[in-house]
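> Just to be clear, the model below is a prediction. Sequence and coordinates:
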Amino acid sequence: MRITKLMASSFAIAGIGVAGVAPIANAEDGDSATITNQTVSANVRLAGVDRYETSQAVSAATALESVLVSDKSPDGLIGSLQAANNDKSAVMSPNAPALGGADRYESAAKVAVEGETDAPVVIANGNSEVDILAATSYAANLEANLLLSEPKQLGESSSEALAKLNPQSVTIIGGTGVVSEQTKAQVEQLTGKKAARLAGNNRYTTALAAAQAMGSQNYLLVNGKNPVDALTLAPLAKQNKASVVLVQTSCAPQAVLGALAGKHLTAIGGTGAIADNFAAKTCEQQAAEQAAAAAAKAAAEKAAQEAAARAANPWGAGTAQGIAYDMLGQYGWGPDQMQPLVNLWNRESGWRANAGRRGGPYGIPQANPGRKMASAGADWATNPATQIRWGLSYIKGRYGSPAAAWAKFCARGWY
């Protein structure tokens, strides 16, 4: 199928044994392929060069008269459901007529009360656009009205609308973290009906729960992180008894991937939204691989930094001798003073911070008594850097340089 610049291209995705499942209207099927050792049936991709042309491709696949809806969520989703309930398709446009509400809650409420008053009602959190997306495909299948809940309560607009409606049933999309139990109780009080809840532990499993509750055999695959291509799916969902299911560009969550077998799958958007081989890995596998790669990269960078530090400090960065080498410049000395210092303190202490006894000669520079080094720091008894700092200051003040101190040591056996 080709619609001006639009594409309905074939691609291979996990959908084992789809025989007998009605395809999406006007969709082209392609060949089979093998992904993760599964023989899969190629299904359909509806896509354009951008989200506007993608919505045109989705509309054309229904062969219904189209109306313009907002290119912003959730107004586009609400308008798309309204179109579906009026047996029309929807096309995104920045010039679509406004829904008439002061905010998303009032807009959804206005559309709902203009619909069938005794139709089912579906409720989703107004701040969770992916839950609203799942809710619109679910509602389209039921020819239901959609209301949006505020975070902790139903909200004035939705409450007023619900009081005017006489819904056959009420379904909440999303867990208690997005639509509270308090809101559910409020809905039940207003309607006198028990509200069902369809939810998972995240956006992916919530959308899947709605699809499975509907019993859909046709899944509309949408990028769950950036669902900009999916605002106008409600008419397509209604026409084909299809449900929105969320995946990622290059993977699918394990719970979702396991549910794709036996379903007819239609990807919404181009390969930048959902890659042809998105089913090759679970998102959990991909995350583990990315974490391992990041850890390996961090380890390699650390090793490179350590190697560079060793190259810059031939005596070993972080070692007692390396610490001393790094301090030479603070006393006006060059690298040539390091070897005499090594010779001196090799003889005195072997560069051991605990050499000697604290009441007598002690530490790397063999301060006598060791407590003299307290002038360089309270940790003089254990910290090589403190001992070295004291020792270099002592050498500077008494001999002028490590070379002079070593010469004195050689002459009389102490310095």
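Thanks, I have it. Keep in mind it's a predicted model, so treat the numbers as computed, not measured. Numbers count the residues shown, from 1 in each chain.

> Please count neighbours and contacts with C-alpha atoms only from this point.
Fine.

> what's the neighbour count on the nearest residue to Cys251 once chain neighbours are set aside?
Closest residue to Cys251 apart from its sequence neighbours, by CA to CA, 6 or more residues apart in numbering: Phe278 at 4.5 Å. Residue neighbour count, defined by other CA atoms under 10 Å, stands at 22 for Phe278.

> Surely Phe278 and Val256 touch.
No - with contact defined as CA atoms under 8 Å, Phe278 and Val256 do not form a contacting pair (11.8 Å).

> Find residues that contact each of those two.
Common neighbours of Phe278 and Val256, using CA atoms under 8 Å, 6 or more residues apart in numbering, do not exist here.

> Could you check the helix ranked longest in the chain and say which residues are buried?
Assignment by DSSP state H gives helix 283-312 as the longest helix of the chain. Within helix 283-312, the residues scored as buried using 16 or more other CA atoms under 10 Å are 283, 286.

> Packing partners of it?
Taking 3 or more CA pairs under 8 Å, 6 or more residues apart in numbering; DSSP states H and E as contact, there are no helices or strands that helix 283-312 lies on.

> Check which element follows it along the chain.
helix 320-327 (DSSP states H and E).

> host element of the residue nearest to the spatial centre of the chain?
What sits nearest the mean C-alpha location of the chain, by CA atoms, centre = their mean, is Lys225, with 7.8 Å. In the assignment (DSSP H and E), Lys225 maps to no helix and no strand.

> got a list of what it touches?
The contact partners of Lys225, taken as CA under 8 Å, 6+ apart, are Gln248.

> Give me the phi and psi for it.
Backbone torsions of Lys225, given as degrees, to the nearest 10, read phi -90, psi -30.

> Tell me how far it lies from Tyr362.
Distance, Lys225 to Tyr362, by CA to CA, to the nearest Å: 64 Å.

> now swap in Ala307 and tell me
Ala307 is 33 Å from Tyr362, where distance means CA to CA.

> ok so, going back, and the pLDDT for the residue nearest to Cys251?
Here, the pLDDT recorded for Phe278 equals 91.

> What of Glu28?
pLDDT recorded at Glu28 is 35.

> ditto for the one 5 residues further on
Predicted confidence (pLDDT) for Ala33: 28.

> Could you do Ala14 as well?
Ala14 carries a pLDDT score of 34 in this model.

> One more: Asn43?
Reported pLDDT for Asn43: 76.

> Run a quick neighbour tally on it.
26.

> gap between whichever strand or helix holds it and the chain center?
Element membership of Asn43 [criterion: DSSP H and E] is strand 42-46. From the chain centre to the centre of strand 42-46 is a distance of 26 Å (CA atoms, centre = their mean, to the nearest Å).

> What helices and strands are in contact with that strand?
Strand 42-46 is packed against strand 10-12, helix 51-62, strand 264-268, with contacts defined by 3+ CA pairs under 8 Å, 6+ apart.

> residues in contact with the residue nearest to Cys251?
13, 248-252.

> Distance-wise, check it relative to Gly322.
Remark: distance between Phe278 and Gly322 (CA to CA) = 52 Å.

> residues touching Thr386, list them.
Contact analysis of Thr386 by CA under 8 Å, 6+ apart lists 373, 376-377, 379-380.

> Can you name the residues in contact with stretch 76-85?
66-67, 69-70, 89-90, 92, 99, 108, 111, 115, 132-133, 136-137, 139-140, 143-144, 146, 231-236, 238.

> Not counting its neighbours along the chain, what's nearest Pro369?
Gly360 (4.3 Å).

> The one you found contacts Gly370, doesn't it?
Yes - using CA under 8 Å, Gly360 is in contact with Gly370, at 6.0 Å.

> So these two - more neighbours on which side?
Taking other CA under 10 Å, Gly360 and Gly370 do not tie; Gly370 has more neighbours (21 against 13).

> ok, the more buried one to Val342 distance?
Distance of Gly370 to Val342, given as CA to CA: 20 Å.
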